[in-house]
Each structure stands twice: as structure tokens, then as C-alpha cells.
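Enquirer: Dropping a prediction and its sequence here:
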Amino acid sequence: MSTFKTLLNQYNWNDTLQSIYAKTENDVLQALGKSTRDLEDFKALVSPAAAPYLEDMAQLSQQITKKRFGNTIQMYAPMYLSNECQNICTYCGFSMTNKIPRRTLNDAEILKETAFLKSKGYDHILLVTGEANRTVGVEYLKHAIQLIRSQFSNITIEVQPLDQDEYELLIEHGLYAVLVYQETYHRDEYKKHHPKGKKSNFDYRLETPDRLGKAGIHKIGLGSLYGLEDWRADSFFTALHFKYLQKTYWKTKYSMSFPRLRPFSGGLEPKVEMTDRDLVQLICAYRLLDEDLELSMSTRESELFRDHIVNLGITSISAESKTNPGGYVVEKQSLEQFEISDERPTEVVAEMLKSKGLEVVWKDWANNWQ
Ligand code: SF4
């Protein structure tokens with residue numbers, strides 16, 4: 001059975017990039033005037049030619065989001081279970097060769113952390129680990145999900161890519177969604193940034209959403225790490241990936257995230273800068289491409305940026321996040337995966353959302369089959 005790899009192999013990076021940069025004002029106006037848009041329209045909307053139309057894009061994006069999602073924003077919290085990792089990624093604080101104290105939470109520590117998140121009102125949780133099969137393999141993840149399943153109605157993971165049968169096992173035990181970002185769709189650049197470990201296998205990562213779709217997951221979260229390569233080309237290939245998956249695994253829901261490179265201890269500078277205006281343009285372009293796509297915003301971005309973007313297309317956000325295992329209660333001082341930009345407490349972010357006329361949603365899913 002073919003996978004997204006077959007489709008991606010039909011594209012050439014440089015040709016794609018050129019075709020995006022060749023889009024004209026007319027292409028942008030045509031894309032804006034349509035009620036349904038395709039990937040050529042998406043190219044026009046992320047092209048430099050669309051930059052003067054940012055206000056129009058933002059207004060349309062806001063209208064479509066309101067029509068489809070109402071005035072709501074879903075809240076979620078990440079919880080790091082482990083910073084063990086057997087990969088080298090040039091942009092990450094948890095990279096195998098970084099000399100940092102490693103730790104993996106035990107049951108009691110997991111429950112202390114979840115008690116804190118429950119006290120803040122969270123019902124959607126994102127469990128995050130590094131990629132270390134020996135310490136945080138499928139058995140550890142299954143156990144962690146079982147341990148907290150009664151407390152959260154939505155459990156998502158962002159961990160090492162797994163095989164289809166492993167996903168099926170976790171879904172059986174209460175897993176709702178999986179986030180897996182390709183980081184960059186540029187094969188050679190991918191190799192440079194992932195020189196060692198299982199993650200160096202570009203194709204295995206690329207085909208992860210296919211395995212998830214076949215396993216029957218409820219939701220898949222996609223994204224690229226913006227800054228590794230030209231954001232316009234990477235966002236196009238992420239959109240191509242999303243549209244392929246949506247057509248192939250139509251029972252599954254999809255979300256999109258927009259991580260930009262953030263500083264960490266010993267950090268990597270972005271190769272290609274993505275400005276705040278670029279990021280707004282990209283978020284609006286995804287909304288104009290698809291009404292149903294959930295758009296997620298993490299605390300990597302600044303207070304100012306998040307306060308502005310929540311009305312323009314975003315459907316879920318995190319707050320008060322810690323990116324270190326035990327960071328909420330157990331061991332507040334351990335080293336983070338990357339620096340958080342918006343450090344406001346959950347209550348303050350919830351108030352900000354309300355002040356903008358948005359209804360804060362803590363729970364939108366009930367796991368009746370538990
Ligand atoms: S990005 Fe993930 S896989 Fe890479 S070093 Fe960090 S934790 Fe490990």
C-alpha cells in the first residue's frame with residue numbers, strides 16, 4: 001500500500017520553492033475570492049505576493065473560524081514525562097550528547113504533576129517524552145496512560161514514532177491523539193539536523209501519520225519546525241501531507257502546530273528567519289485552506305503575539321507550560337527542552353481569552369467507552 005512518501009517523491013524542493021515565489025498579486029486575489037481553496041491557492045497565500053493582503057487574510061480567517069468553531073478556544077497542557085533521548089537533534093536541549101541530568105517520572109511523580117494540572121482545570125493533556133525506547137517505550141507509555149486515564153478525557157502523546165500495532169495497543173488503552181512533526185521536509189537538511197539515532201530515518205518519520213491513520217487514531221497533529229529551512233516550502237509540504245492524510249484517512253481529525261526555533265542551552269540559530277508577520281500569514285493561510293483543521297498555539301510564542309493571534313484562526317492553546325520532566329511540581333529547576341516565552345499563569349491566560357470575547361473550553365470530549 002502506498003504512503004505519503006510516494007507522493008512526496010514526485011516533488012522537487014527547489015521547483016516547489018520557485019513556484020511559491022513566482023505567485024503574483026493576481027493569484028493571491030483569486031485565492032482570496034474563492035470559497036474553497038486548493039494547494040495552489042495555499043502557495044499563493046504563503047507567497048511574498050500575499051504579504052500586502054495580510055489584513056484581508058486575517059479578516060477572512062477570523063470569519064471562517066467563528067463560523068466553524070464559534071467563539072471558543074480549547075485549553076491543553078503539556079506534561080513532560082522524560083528527557084531521556086537516544087537521538088541527536090541539533091536544535092534540542094534533550095539531544096543525546098548534551099550533558100544534562102536525565103530523569104523519567106515514576107508513578108508517584110506523574111500523579112503529583114497531574115494533580116497540579118487538574119487543580120488548574122485542565123482536562124486535555126499532552127504527554128511528552130524524548131525518544132528513548134529502553135526507558136520510555138510502549139510499555140511505559142501504556143502504563144502512564146492507564147495511570148492517568150480516569151483524570152483526563154483527552155490524552156495526546158508527542159513521543160517517538162511507533163509501529164502500527166503499538167499505536168493500536170495505546171488507542172485500546174485510552175490514547176486519543178498523536179502529534180508528530182516532520183521538522184523539515186527537505187531530505188538533506190533533515191539529515192544534517194538528525195545525524196544520529198532512530199530519528200535520522202527520514203522515511204520512517206514521514207510515514208508515521210500513515211501508520212497512525214491505519215491504526216484508526218482519532219486525531220493526528222502535524223507541523224514543521226520553522227527556522228530549519230524556508231518556511232514557505234516547508235509549510236507547503238506540511239499542507240500537502242495534511243491534504244493527503246485527510247483524503248486517505250477521512251475518519252481521523254487533524255491539527256496543525258507552528259513551532260518556531262526557540263533558544264535552548266547551547267542553541268541553534270534559525271537558518272531562515274520567520275517573522276511574526278510571516279507566522280500570522282501562515283496561520284491564516286492554513287485556515288483559508290481548510291475550515292475544519294484545528295490550529296494550535298503553544299507558549300513558545302510571546303504574550304503579545306498570542307494575545308493578538310487568538311482571534312485570527314487559532315482553536316487551541318496551552319498555558320503555563322513546563323518543558324522539563326517534573327517541571328510543574330516535582331522538580332521545577334531541571335533543564336527545559338526549550339525556553340518558554342509566555343510564562344503567564346493559566347488563570348491569567350484564561351482571563352485574557354475571556355476579555356477578547358472567547359469562551360474557554362476545558363473539555364470537549366467524553367471518553368464514554370472507558
Ligand atoms: S527533538 Fe525529540 S528526538 Fe530530538 S533530541 Fe529532542 S527530545 Fe530527542
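Expert: Looks like it arrived, so ask away.
Enquirer: The ligand contacts on the stretch 151-300 of the chain?
Expert: For the stretch 151-300 of the chain, the residues found near the ligand under the criterion CB under 6 Å from any ligand atom are residue 199. C-beta here means a position set from N, CA and C on the backbone, and glycine is covered the same way.
Enquirer: What segments of the stretch 151-300 of the chain are strands?
Expert: Here the stretch 151-300 of the chain has its strands, by DSSP state E, counting those that start in this stretch, at 154-158, 177-179, 219-222, 253-257, 294-297.
Enquirer: Need the residues that contact the first one.
Expert: Read that as strand 154-158. Taking contacts as CB atoms under 8 Å, 6 or more residues apart in numbering, the residues outside strand 154-158 that touch it are 76, 78, 123-129, 141, 145, 148-149, 170, 174-180, 219, 221, 363-365, 367.
Enquirer: how does it look with 6 Å?
Expert: By CB atoms under 6 Å, 6 or more residues apart in numbering, the surrounding residues in contact with strand 154-158 are 124-128, 145, 174-179, 365.
Enquirer: Kindly point out the strands partnered with it and how each is oriented relative to it.
Expert: Based on DSSP bridges, the pairing partners of strand 154-158 within the sheet are strand 124-128 (parallel), strand 177-179 (parallel).
Enquirer: Likewise for the fourth one?
Expert: Strand 253-257 has its sheet partners listed here by DSSP bridges as strand 219-222 (parallel), strand 294-297 (parallel).
Enquirer: Make CSV out of the strands paired with strand 154-158 and add mean pLDDT, distance to residue 198 and mean neighbour count.
Expert: Output for these, formatted as CSV (pLDDT from 0 to 100; distance: least, CB to CB, whole Å; neighbours: other CB atoms under 10 Å):
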stretch, mean pLDDT, distance to residue 198, mean neighbour count
strand 124-128, 98, 17, 23
strand 177-179, 98, 16, 22
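Enquirer: Adding distance to residue 359, write those strands out as JSON lines.
Expert: Putting these into JSON lines (distance: least, CB to CB, whole Å) gives the following:
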{"stretch": "strand 124-128", "distance to residue 359": "15"}
{"stretch": "strand 177-179", "distance to residue 359": "22"}
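Enquirer: re the thing from before, between all of the contacts of strand 154-158, which two are separated the most?
Expert: Of all pairs drawn from these, the one with the longest distance (CB to CB) is 128 and 365, at 19.7 Å.
Enquirer: What sits closest to the residue of the stretch 151-300 of the chain found nearest the ligand if chain neighbours are left out?
Expert: Among the residues of the stretch 151-300 of the chain, residue 199 lies nearest to the ligand; the distance is 5.0 Å by CB to the nearest ligand atom. Taking CB to CB, 6 or more residues apart in numbering, and ignoring the residues beside it in sequence, residue 199 has residue 87 as its nearest neighbour in space, at 4.3 Å.
Enquirer: shouldn't that neighbour be in contact with residue 193?
Expert: No. When contacts are counted by CB atoms under 6 Å, residue 87 is not listed as touching residue 193 (10.4 Å).
Enquirer: Tell me which residues of whichever helix in the chain runs longest come out buried.
Expert: Ordering each helix of the chain by length in residues (DSSP state H) puts helix 231-248 first. Residues of helix 231-248 classed as buried by neighbour count (16 or more other CB atoms under 10 Å): 231-246, 248.
Enquirer: do the same with stretch 214-231
Expert: 215, 217-231.
Enquirer: hmm, who's touching that stretch?
Expert: With contact meaning CB under 6 Å, 6+ apart, stretch 214-231 is reached by 17, 164, 167-168, 176-179, 181-184, 186, 189, 193, 209, 212, 234, 238, 242, 252-257, 259-261, 270, 272, 274.
Enquirer: Equivalent analysis for stretch 111-127, please.
Expert: With contact meaning CB under 6 Å, 6+ apart, stretch 111-127 is reached by 76-79, 81, 148, 151-157, 328-330, 346, 362-363.
Enquirer: Show the low-confidence segments of the stretch 151-300 of the chain, by residue range.
Expert: Low-confidence regions of the stretch 151-300 of the chain, defined by pLDDT under 70, span residues 262-267.
Enquirer: now the helices for it?
Expert: In the stretch 151-300 of the chain, helices defined by DSSP state H, counting those that start in this stretch lie at 164-172, 187-193, 202-206, 208-215, 231-248, 276-289, listed in chain order.
Enquirer: closest one to residue 91 among those?
Expert: Using CB to CB and comparing the helices of the stretch 151-300 of the chain, the one that lies nearest residue 91 is helix 187-193, at 6.4 Å.
Enquirer: you'd agree residue 173 is up against residue 144?
Expert: No. Look at residue 173 against residue 144 with CB under 6 Å: they stay out of range, at 9.8 Å.
Enquirer: Pick out whichever of those two has more residues nearby.
Expert: A direct count of neighbours by other CB atoms under 10 Å for residue 173 and residue 144 places residue 144 higher, at 25 against 14.
Enquirer: How much space separates that one from the ligand?
Expert: 16 Å (CB to the nearest ligand atom, to the nearest Å).
Enquirer: hang on, that residue is in a helix, isn't it?
Expert: Yes. Residue state for residue 144 (DSSP: H, G, I helix; E, B strand; the rest coil) corresponds to a helix.
Enquirer: Now for the residue most central in space within the chain: which residues touch it?
Expert: What sits nearest the mean C-alpha location of the chain, by CA atoms, centre = their mean, is residue 257, with 3.4 Å. Contacts were defined as CB under 6 Å, 6+ apart; by that measure residue 257 touches 223, 296.
Enquirer: Before I go, just wanted to say thanks for your time.
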